[in-house]
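Novice: Requesting a structural model of the entry that follows:
(4 chains, ligands or ions: 4)
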Amino acid sequence: MTAPPDAVLRTWLEQMILIRLAEDKVMEIYMQGLVPGTVHLCQGQEAASVGAIGALTGDDWLLCTYRGHHHALARGMDLEAFFAEIMGRDSGACRGMGGSSYVVDASLGMIGSPAIIGAGIPVATGAGMTARLRGEDRIAMCFFGDGACNIGAFHEALNMAQLWRSQVVFCIENNQYGEYTPFRDSTALPPEAPIAHRAAAYGMAHAVVDGQDVIAVHDMVAQARARAVAGDGPTLIEAQTYRYRGHSRTDPGAYRPPGELDAWKERDPIGILASGIGADGDLEALRERLQQEVDEAADRAAEGPWPTLDQARDYVFAD
Amino acid sequence: MTAPPDAVLRTWLEQMILIRLAEDKVMEIYMQGLVPGTVHLCQGQEAASVGAIGALTGDDWLLCTYRGHHHALARGMDLEAFFAEIMGRDSGACRGMGGSSYVVDASLGMIGSPAIIGAGIPVATGAGMTARLRGEDRIAMCFFGDGACNIGAFHEALNMAQLWRSQVVFCIENNQYGEYTPFRDSTALPPEAPIAHRAAAYGMAHAVVDGQDVIAVHDMVAQARARAVAGDGPTLIEAQTYRYRGHSRTDPGAYRPPGELDAWKERDPIGILASGIGADGDLEALRERLQQEVDEAADRAAEGPWPTLDQARDYVFAD
Amino acid sequence: MSSRTDAPGVAAAPDNADVVTYREAIRLALDDAMAADDTVLLLGEDIAKAGGPFKTTVGLYDKYGADRVFDTPIAENGFCGIALGMALTGLRPVTEIMFSDFLPTAFDAIAMELPRWRFMSGGQTSAPVTVRASGGGGGRFGAQTSSTGESWFLQFYGLKVAVAGSPQGAYGLLRAAIAHNNPVVVFDHKAMHLRKGPLVRGDDRLAEVGKAVVARPGTDVTIVASLLMVHRSLEAAEALAGEGIEVEVIDISWLRPLDMETVAASVGRTGRLVIAEEQYHDGGWGASVISRLATAAAPLAVPPAAVSMPEILISHSPPLEDAMIPSAERIADAVRSVCR
Amino acid sequence: MSSRTDAPGVAAAPDNADVVTYREAIRLALDDAMAADDTVLLLGEDIAKAGGPFKTTVGLYDKYGADRVFDTPIAENGFCGIALGMALTGLRPVTEIMFSDFLPTAFDAIAMELPRWRFMSGGQTSAPVTVRASGGGGGRFGAQTSSTGESWFLQFYGLKVAVAGSPQGAYGLLRAAIAHNNPVVVFDHKAMHLRKGPLVRGDDRLAEVGKAVVARPGTDVTIVASLLMVHRSLEAAEALAGEGIEVEVIDISWLRPLDMETVAASVGRTGRLVIAEEQYHDGGWGASVISRLATAAAPLAVPPAAVSMPEILISHSPPLEDAMIPSAERIADAVRSVCR
Ligand SMILES: Cc1ncc(C[n+]2csc(CCOP(=O)(O)OP(=O)(O)O)c2C)c(N)n1
Ligand SMILES: Cc1ncc(C[n+]2csc(CCOP(=O)(O)OP(=O)(O)O)c2C)c(N)n1
Ligand SMILES: [Mg+2]
Ligand SMILES: [Mg+2]
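Specialist: Numbers count the residues shown, from 1 in each chain, chains lettered A, B, ... in the order given. Ligands and ions are numbered 1, 2, ... in the order given. I've put the predicted structure just below:
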């Protein structure tokens, strides 16, 4: 693949910074009592979402998880709708029904982000089947965590996806932990083998990519996307990354070996891209502008009305 | 491994013939209306059960399936109790509660044979954990079909079995079909790869064996058993075999390509062992003797009393 | 073509009715739904090339092809999740689960995903998936292949649940489910597969979602029943008619939404209620019907009765299975007891 | 050490009671059970080294070691099946499912395998497995992490089901479940985890299987409640006492076996019944209680009432979640309505 044009790389840089700032903002407003429930933040994982989603067309579908803020923002969700959803407001992307775990915009092809581990994997496979059956130049992009690779739904879906050549690309965001447990403590693998190796069980294409390098992620997903729409089957991509924060709001991350977080921060995805394109000097200004956008959106979101029970009742069933 | 002594091979030959005749008898009494429900027969698969079970000690546990008659008989279940169970009598191995799908004798270490595909795989893993935690020279032997390798329970259990070094040996009896569907139509694999290859996803030992060759099966299971009790982890063994009959009583097997059944019958497990040990000439006499045992046991079983609802009520809960 | 059946208790057939088996009615519903809407497709084990373990899809693979009828691996949770993905993107899949007892392997997809995604999205998406399952006892299949399963989803709000009490019901409920824009689980009963009854087909023969059917009108007692129990209740009603007791039999047809209007109207007229259910009482739809009537202060002349399964698991042994599943006699006795 | 809590409605504590959180009571039950019987072992996600997502296993890994406390992969169906295998071979495993909403992923193991293997074997084996799950709303966690799940297994006969309405209940029910020779699912409520109450520990403090607890005696109305609703009912009872209505609150404690004796005796005295349940009415234990009383012709002075969740899914949005989950006020109103 040839390197993406500079303008594209600049957009990705902006998106990654926006995600970073938005996530920090979520934490800030959480502490102010504006966010009900819990949140699962993604600081550190920006490149995996931005790179992968950068390789998609507007028609492609996305399946995400409860740790899905970065996907929503990388896909271009309106910032106010994003914050309003997390605050449970009627002005939220899902009218306040979903909250932090379920921030999706179907008009952007985001069709779900379940809280149940692994549940999205078969769903993405099904969406990819729709594309295949209709002969469309379209895929389903499916994000999930390292921990999700141990549940039955992963196995069942990958088998059928490969069997039926579903137009789906699977992306494991391996952020090294499932909740508080390092992935190798819960995931039996040959010594040193990556999780993506499991695709070989189904004869499925697979690849490991540096999840902190947005260009590398983009390349890999673009290749996998091309393979899928060509009818050559799905790919299991493992993007190796790290979450800077704990699993959820209440987790201080005490289980991490000393120095691990710092080592990963030295390979910060924003830093890597910025220096790669010589934009280190612009970061400050970019951040300032985006921070203002974020702050304003969050402020507007906090003014949003609450939904009513009658509205909620209407969302259960389609006509 | 050195070849088993002649006396042992003779016992295996007898067991395989007994199983064959018993299964034919089940069909016969089924047609006479003595067997309620349906049956899943195993003619053709005798070597997989006899060879594998021949490698076990009396302490080992067995997990089987609804296609489990051969396991029960290879393990030494009383013939009358066997037939009586299939007929739903109080004198059956499970007091008539289980029927053909659930013919187990806990005193022989047979702890279950669920009708739900894959359900026994985690259970065997758990039994193998008991052995490991207690430091016992004991394993759980787990039989299941090719079709079971696509359900989530397979994946979840194999991962944990390997992770925790459960003392379990998994044996896929690949009889080429799950119900009416050839296994390659439902099982995504690399071209030509056997199903056992899937163990590599977990870094688990695995092997393929000629399931019609009782000695080969025995060798392989004996090695796997030794590995398991040594703490070196489980093994996934694929015994390649064939069922001569349809999936269940009502299935004529119309989906089989012409000639396939005949080709497999040329590699009949009883024939292979008999000629291997020069016992071809004894077969007639052996069959006669065993047929009489089978007939008498089935006759006695048919006299068995029906269980009562009060008895059944007592079986639901332990005290 | 018109004909009649003499099966006991089958309501008078319209003149344009064929007589078909219940199983054939299911197959015809699938066929007609696929013909009417090319987004309808089928997923299940051995349903394509082999025509289905219960022969409910015979001929459909040949007629509609490999892109509309899929033989799946044994992976119920997976293919129900796949159906959700298809539905969210514009298709209308129908999954066949074979025996109801296999539903628990797929509870996450069916009970936790299918009915909740639309809601969580604030109404942005919808999930028109039909899940079919064949349940019920009498086949001597034992504890893991004999449950009706009909009430297993009642506590999982968001799913609609239909139960087919006749060939016409099997056809109409399934077609209604497939046409419906929300997930529906449709149960049929294995012991009825070969039972015949009148059937009128057509795009105007979809059952109304949430509407119970009066299978036999009567004035003295109301029986509310599902699946095979509809048939046994009709048998009981016939016997009781000879004793001068006129029984109204309601084929409840939908467990969610539950048609309390039809039930309450009937009970309002008869003042007497018997539930006939092939399931345990606690946690079942029968208890819900009785509780709803009780909390609504429905004017019953005598306390209601429920004919349910005794609290034992289902054995493979024939006399025990027969003793477990409510018979026409047990139902008739319950009716007599509320008439005393 | 003796002390008292002033939390509203907590029954008078015996002199030898400590005051602990509900969550700590769970942890202590596990600790005491493991100390009393070295075949008891724990399986669940992040429960070993990290002490559990809900801190119900803090310290147990250090105390009992890696062979008794297992961090599992995310594979609920698998590790509940593993627990069955351990139980069949002499161990007494306890699995932690974290949120009740994850139970559907494990329904095959929990509902279809655990309770049926003994029966199918004709009583040859037994499966002493305890499955723990934390459910319930109020945390603003949204539709897939807020269900109590308490009635999901009622139609799966063979499972016993306990629901903890207080720290003492959490301790006693869990210990009883672990000591019991059959599979038991024990539900607790997340919103009660930090709530304090008196606790007396010890091998003689196991709850009696199938026995409800009168959390507050009263003469005018009976409320039957579970989990958080016990607490809210006690609050309501306190308010109503000021209006001269003496409410008896029954913490149902076991959904199977259901203690109809205690309920019927109470209702026999008060003549008035209100159910308080954090679940939908249809298919729940509340409907079963009402139906059982109705079919048994229990002498109620007025029709019973049920305070349940409205038929909507649970939203993440706080005002909606609060409107869904029955409040002390709604319960009090229902009591007033049956007293009119
Ligand atoms: C079926 C199920 N079991 C357990 C959980 C609780 N849970 C939420 S997140 C999580 C860890 C998931 O880890 P991973 O897949 O690596 O994703 P990450 O959180 O690291 O993004 C767990 C166990 C759940 N949501 N669903
Ligand atoms: C969860 C589940 N789904 C479907 C079935 C129905 N069923 C019974 S046997 C069978 C085929 C199993 O094939 P395989 O594992 O190869 O075993 P075999 O019958 O060939 O011995 C199927 C689909 C079942 N018992 N359980
Ligand atoms: Mg992770
Ligand atoms: Mg097979």
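Novice: okay, A:R249: pLDDT?
Specialist: A:R249 carries a pLDDT value of 88.
Novice: show me the contacts for it.
Specialist: Contacts here follow C-beta atoms under 8 Å, 6 or more residues apart in numbering or on different chains; on that basis A:R249 touches A:27, A:30, A:38-39, A:41. Using the backbone N, CA and C atoms, a C-beta is placed for each residue, glycine as well.
Novice: run the last query once more with 7 Å
Specialist: A:30, A:38-39 (C-beta atoms under 7 Å, 6 or more residues apart in numbering or on different chains).
Novice: Kindly report the same for A:G37.
Specialist: A:99-100, D:139-142, D:316.
Novice: pLDDT score for the closest residue to ligand 4 within the stretch 51-200 of chain C?
Specialist: In the stretch 51-200 of chain C, the residue that lies nearest ligand 4 is C:I74 (9.9 Å; C-beta to the ion). Note on C:I74: pLDDT of 98.
Novice: before we move on, back to that, generate TSV for the contacts of A:R249, with neighbour count and pLDDT as supplementary columns.
Specialist: Shown next, in TSV, are the contacts of A:R249 (neighbours: other C-beta atoms under 10 Å in any protein chain shown; pLDDT from 0 to 100):
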residue	neighbour count	pLDDT
A:Y30	19	97
A:T38	20	95
A:V39	22	96
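Novice: ok but C:L43 is inside a strand, no?
Specialist: Yes. Using DSSP: H, G, I helix; E, B strand; the rest coil, the assignment for C:L43 is a strand.
Novice: how many neighbours does it have?
Specialist: C:L43 has 27 neighbouring residues, counting by other C-beta atoms under 10 Å in any protein chain shown.
Novice: Okay, it and C:V129: tell me how far apart.
Specialist: Remark: distance between C:L43 and C:V129 (C-beta to C-beta, to the nearest Å) = 10 Å.
Novice: quick one: common contacting residues for those two?
Specialist: Joint contacts of C:L43 and C:V129 (C-beta under 7 Å, 6+ apart) are C:83, C:93.
Novice: packing partners for the helix or strand hosting A:C171?
Specialist: With secondary structure defined by DSSP states H and E, A:C171 is part of strand A:168-174. In terms of contacts (3 or more C-beta pairs under 7 Å, 6 or more residues apart in numbering or on different chains; DSSP states H and E), strand A:168-174 is packed against helix A:46-54, helix A:120-134, strand A:140-145, helix A:214-229, strand A:235-240.
Novice: So what are the sheet partners of it and their directions?
Specialist: strand A:140-145 (parallel), strand A:235-240 (parallel) (DSSP bridges).
Novice: Name the stretch among those strands that sits most buried.
Specialist: strand A:140-145 (a mean of 28; mean count of other C-beta atoms under 10 Å in any protein chain shown).
Novice: if you look at it, does any of it touch ligand 3?
Specialist: Yes. Strand A:140-145 is in contact with ligand 3 by C-beta under 5 Å from the ion, via A:G145.
Novice: Also compute the angle for that strand relative to helix A:214-229, please.
Specialist: 130 degrees (axes from the mean of the first three to the mean of the last three C-alpha atoms, to 10 degrees).
Novice: Can you give the distance from strand A:140-145 to the centre of its chain?
Specialist: 7 Å (C-alpha atoms, centre = their mean, to the nearest Å).
Novice: Name the surrounding residues that touch that strand.
Specialist: Here strand A:140-145 has contacts from A:52, A:56, A:60-65, A:67, A:71, A:118, A:120-121, A:124, A:127-128, A:131, A:167-173, A:175, A:178, C:85, using C-beta under 7 Å, 6+ apart.
Novice: got the end-to-end distance for stretch C:235-248?
Specialist: Distance between the two ends of stretch C:235-248: 12 Å, counting by C-alpha to C-alpha, to the nearest Å.
Novice: Also stretch A:129-147?
Specialist: End to end - C-alpha to C-alpha - stretch A:129-147 spans 25 Å.
Novice: how near is the residue of the stretch 151-300 of chain C found nearest chain A to C:S126?
Specialist: Using C-beta to the nearest C-beta, the closest approach of the stretch 151-300 of chain C to chain A is made by C:N181 at 4.0 Å. Separation of C:N181 from C:S126 (C-beta to C-beta): 5 Å.
Novice: which residues do those two both contact?
Specialist: In contact with both C:N181 and C:S126: A:A318, using C-beta under 7 Å, 6+ apart.
Novice: between those two, who's got more neighbours?
Specialist: C:S126 (18 against 14).
Novice: The more buried one and C:N16, how far apart?
Specialist: C:S126 is 34 Å from C:N16, by C-beta to C-beta.
Novice: what do you get for A:V294?
Specialist: Using C-beta to C-beta, we find A:V294 at a distance of 67 Å from C:N16.
Novice: So these two - more neighbours on which side?
Specialist: Between A:V294 and C:N16, A:V294 has the larger neighbour count (other C-beta under 10 Å), namely 26 against 12.
Novice: can you tell if the strand or helix carrying that one touches chain C?
Specialist: Secondary structure from DSSP H and E places A:V294 in helix A:283-302. No. For helix A:283-302, no contact with chain C is found by C-beta under 7 Å from any C-beta of the partner chain; the gap never falls below 14.9 Å.
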